[in-house]
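K.L.:
Please work out how this folds:
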Amino acid sequence: MSMAWVYIMASGRNGTLYVGVTRNLHRRIHEHRTGRIGGFTSRYDVKLLVWYEGHETWYAAIQREKNIKHYPRRWKINLIEALNPAWRDLYGHLNN
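P.N.:
Have a look, this model is predicted:
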């Protein structure tokens, strides 16, 4: 069984946020960072992976993504800072 991932990317500390879901987190973040995927993240220079969470099912990941998108910005910032208070780019940690 493959994992499904919910993630939050940012343009910088307290910057523009993007919430997404994917089955291949490393590939998807690479696509965002290189601008391979046009749209919101390219337009607003959202390239830092600041939070992610694994789920055993695609359904659970999609539901979590929808819930996070529904919450206010302050709630999302609190979620990020609970895991990553310095807003470090976590992309390099994906292979560890």
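
K.L.:
ok now the lengthiest helix in the chain, how far from the chain's centre?
P.N.:
When the chain is parsed with DSSP state H, its longest helix is helix 58-70. How far helix 58-70 lies from its chain's middle: 12 Å, per Cα atoms, centre = their mean, to the nearest Å.

K.L.:
quick one: contacts of the lowest-mean-pLDDT helix or strand in the chain?
P.N.:
Least confident helix or strand, the chain: helix 40-43 with a mean of 88, by mean pLDDT, DSSP states H and E. The contact list for helix 40-43 (Cβ atoms under 8 Å, 6 or more residues apart in numbering) reads 9, 18, 32, 35, 46-47. To be clear about C-beta, it is placed using only N, CA and C from the backbone, and glycine gets the same treatment.

K.L.:
okay, those in TSV with distance to residue 82, pLDDT and neighbour count next?
P.N.:
As requested, the contacts of helix 40-43 are exported to TSV (distance: Cβ to Cβ, whole Å; pLDDT from 0 to 100; neighbours: other Cβ atoms under 10 Å):
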residue	distance to residue 82	pLDDT	neighbour count
9	17	97	27
18	18	96	19
32	22	91	23
35	29	84	13
46	20	93	23
47	22	94	19
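
K.L.:
Now, those residues that are in helices?
P.N.:
Per DSSP H, the contacts of helix 40-43 map to helices at residue 32.

K.L.:
Identify the bridge partners of the closest residue to residue 73 other than its chain neighbours.
P.N.:
In space, not counting the residues next to it along the chain, residue 73 is nearest to residue 17; the distance is 7.0 Å by Cβ to Cβ, 6 or more residues apart in numbering. Taking DSSP bridges as the rule, residue 17 bridges to residue 10.
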